[in-house]
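Trainee: Would you be able to build a 3D model of this:
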Amino acid sequence: MSSTQDTAFKTKLLQLECHFTWALRKEDTDLTDLLNRLEDQINFDLGRKAGVARTYNSIGFVKYLLGSHDEALSHFQRSVELTKECHGEDCDRLLVVPCGNLAWLYYIRKDYEECKSYLDQLKEIKEKYPPDSTSVPYPEVLGEKGWTFLKFSRKYYERSKDCFRKALELEPDAGEWNSGYAIALYRTETEHSNPTDSPTIKQLRRAIETNPNDDVLKVLLGLRLTVYRKYDEAESLVEKALENSPEHPHVIRYVGMFFRNKGSVDRAIALLKRALERVPNSSFIHHQLACSYKKKKISLHRAGSHHSKSAEIQRVRNQCIYHLEMAITLKPSFISAMSELALQYGENRDLLKAEEQFQATFQIAKEKNDACQLVTLCYGEFQEYSMRCESLAIQHYMQCLKMGPDKSEGRRSAGHLKRIAEKRISRNPKDAEAFGILGFIHKEKGEKRQAIECYEKALSYEDNEEYLSNLCDLRLSLQ
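Mentor: This next block holds a predicted model:
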């Protein structure tokens, strides 16, 4: 092929809407875990035949990223077959993405004749169904793009939300796009002061209207309603969903989360174990089980004598550790599970193993530029509670707070620092470092006057260049 022909092919390929042009980076996900999740969807027909066709398309791209080009080809072809079976003659616009993937894969395999045949097919579809805008794809393409971003990586949730929003502008009553938009909002929205202000709750209700048989949406709405203490409606939704779909693994796992949050930990564990029997390779369910055992361990600590329950506490901690280890075996870049596992090793007095786990977690978090604040917070907790090293704990809590005072990890770090400072002041009302810590908290939160007051108090008990520098900067900023 001449360079001119190659350039012509590349120009056409780059204009396609498909997985190869959506900037899906394998560094942003864990391909083994993603493949497990996609295969579970097919095994349990989650999303029905239309959704399964889309899942084959995504698996094909994952196979390509893993270097299995023959398997990628067969999955893309299966996606086309299922789409035709499901939609008959009305499937043209749904074939845009799988045909685009096939064109790209044949080009990569240097089968230019087959590549051209798919490019010609796509040209015919475009001529048959001229898009409303040159910049906005068909709603079917936007929807598949939204689902792909949602499945691929949490780094792409905002992109997913944008795709579903645009698809709904074109087809406001489409159940699939309403459902996708609701889930994307659920995963990205920060809390509002009341449920009537919550876009997630509004969209989940809208999605249930357009998908009345989707029990996963009902459980997600129930989970979100509990944030606003709407317990009666939440429990009613969850119980109905479980009654309607008692064997659906996604329903069971979210119901398990609901009951754990409610305090019914044993019921949560039983449900999550049942879900795990159906999808044994789910890192998510292993992690949820670990969270449930952790909550049970905390309850046992609080109830009665620690010594009388020590064997039971150790058994529950071992279960927590086992499920965390399984979660990160199945998903080696599961940073929150890795951080929690390191903390549990620390509690178990396996301090060397805990330190090694933390260092491995820090490395992955830095490589992926993901969840560094969470790992820093957990390491601070490890230093405080397992190593009994308050100075290092303070150092890491401060570092965590600086990374984002408005994020949940930042707020938790501020709480830890405040508790440490107030405890020290109660012992020694002239503890300069404790007032310096309080000054730092206020400074990072933007509470300048309170910060000035604390730094002035700290400097009245001890000369300190850092406190003086911070105090000068704060005073200048108020002029």
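Trainee: Could you tell me how far the residue lying closest to residue 195 once chain neighbours are set aside is located from residue 394?
Mentor: Excluding the flanking residues, the one nearest residue 195 by C-beta to C-beta, 6 or more residues apart in numbering is residue 228, at 4.3 Å. Glycine gets a C-beta too; all of them are placed from N, C-alpha and C. From residue 228 across to residue 394, the span is 35 Å (C-beta to C-beta, to the nearest Å).
Trainee: Just want to know which of the two has more residues nearby.
Mentor: Using other C-beta atoms under 10 Å as the criterion, residue 228 and residue 394 rank with residue 394 on top: 21 against 18.
Trainee: for the more buried one, what are its contacts?
Mentor: Listed by C-beta atoms under 8 Å, 6 or more residues apart in numbering, the contact set of residue 394 reads 380, 417, 420, 437.
Trainee: Most neighbours among those, which one is it?
Mentor: Most surrounded of those: other C-beta under 10 Å gives residue 380, at 26 neighbours.
Trainee: Find the nearest non-adjacent residue to that one, please.
Mentor: Per C-beta to C-beta, 6+ apart, closest to residue 380 is residue 396, 3.4 Å.
Trainee: Near that neighbour, how many other residues are there?
Mentor: 22.
Trainee: roughly how far is stretch 223-240 from the heart of the chain?
Mentor: 22 Å (C-alpha atoms, centre = their mean, to the nearest Å).
Trainee: quick one, what contacts the residue nearest to residue 380?
Mentor: 376-377, 379-380, 383.
Trainee: Between these, which sits nearest residue 118?
Mentor: Ranked by distance to residue 118 (C-beta to C-beta), the contacts of residue 396 are led by residue 376 at 47.9 Å.
Trainee: any idea how far the closest one is from residue 145?
Mentor: Distance from residue 376 to residue 145, by C-beta to C-beta: 34 Å.
Trainee: that older thread, between the contacts of residue 396, which is closest to residue 175?
Mentor: The shortest gap between residue 175 and any of those belongs to residue 377, at 39.4 Å (C-beta to C-beta).
Trainee: helices or strands up against whichever strand or helix holds that closest one?
Mentor: Applying DSSP states H and E as the criterion places residue 377 in helix 372-381. Contact here means 3 or more C-beta pairs under 8 Å, 6 or more residues apart in numbering; DSSP states H and E; on that basis helix 372-381 packs against helix 335-347, helix 351-368, helix 390-403, helix 408-427.
Trainee: Single out the most deeply packed of these.
Mentor: helix 335-347 (a mean of 23; mean count of other C-beta atoms under 10 Å).
Trainee: by how many degrees do that helix and helix 351-368 diverge?
Mentor: For helix 335-347 against helix 351-368, the angle by axes from the mean of the first three to the mean of the last three C-alpha atoms, to 10 degrees is 160 degrees.
Trainee: right, and the helix or strand after the helix or strand that contains residue 453?
Mentor: In the assignment (DSSP H and E), residue 453 maps to helix 448-461. Later in the chain than helix 448-461, the nearest helix or strand by DSSP H and E is helix 465-477.
Trainee: Quick one: mean pLDDT over that following helix.
Mentor: For helix 465-477, mean pLDDT is 94.
Trainee: and for it, what are the contacting residues?
Mentor: Residues contacting helix 465-477 (C-beta under 8 Å, 6+ apart): 432, 436, 439-440, 443, 448, 451-452, 455-456, 458-459.
Trainee: could you flag which of those are buried?
Mentor: Those of those that meet the buried threshold are 432, 436, 439-440, 443, 451-452, 455, 458-459, by 16 or more other C-beta atoms under 10 Å.
Trainee: got a list of what the spatially most central residue of the chain touches?
Mentor: Residue closest to the average C-alpha location in the chain (C-alpha atoms, centre = their mean): residue 154, at 4.7 Å. Taking C-beta under 8 Å, 6+ apart, we find residue 154 in contact with residue 187.
Trainee: So it versus residue 60, what's the distance?
Mentor: 22 Å.
Trainee: CA atoms only for stretch 17-25 - export them in PDB, please.
Mentor: Taking only C-alpha atoms (Å, rounded to 0.1, in the frame of the first residue of the first chain), the coordinates of stretch 17-25 have been written out as PDB:
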ATOM      1  CA  GLU A  17     -17.000   6.500  16.300                       C
ATOM      2  CA  CYS A  18     -15.800   3.300  18.000                       C
ATOM      3  CA  HIS A  19     -13.700   1.900  20.800                       C
ATOM      4  CA  PHE A  20     -10.500   2.600  18.800                       C
ATOM      5  CA  THR A  21     -11.200   6.300  18.600                       C
ATOM      6  CA  TRP A  22     -12.600   6.900  22.100                       C
ATOM      7  CA  ALA A  23      -9.200   7.300  23.800                       C
ATOM      8  CA  LEU A  24      -9.600   4.300  26.100                       C
ATOM      9  CA  ARG A  25      -6.300   3.800  27.800                       C
END
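Trainee: Flag every buried residue along that stretch.
Mentor: Under 16+ other C-beta under 10 Å, the buried positions of stretch 17-25 are 17-20, 22, 24.
Trainee: Reformat the residues you listed as JSON lines; add distance to residue 221, secondary structure and pLDDT.
Mentor: Below are the buried residues of stretch 17-25 laid out as JSON lines (distance: C-beta to C-beta, whole Å; DSSP: H, G, I helix; E, B strand; the rest coil; pLDDT from 0 to 100):
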{"residue": "17", "distance to residue 221": "31", "secondary structure": "coil", "pLDDT": "96"}
{"residue": "18", "distance to residue 221": "33", "secondary structure": "coil", "pLDDT": "97"}
{"residue": "19", "distance to residue 221": "31", "secondary structure": "helix", "pLDDT": "98"}
{"residue": "20", "distance to residue 221": "36", "secondary structure": "helix", "pLDDT": "98"}
{"residue": "22", "distance to residue 221": "29", "secondary structure": "coil", "pLDDT": "98"}
{"residue": "24", "distance to residue 221": "29", "secondary structure": "coil", "pLDDT": "97"}
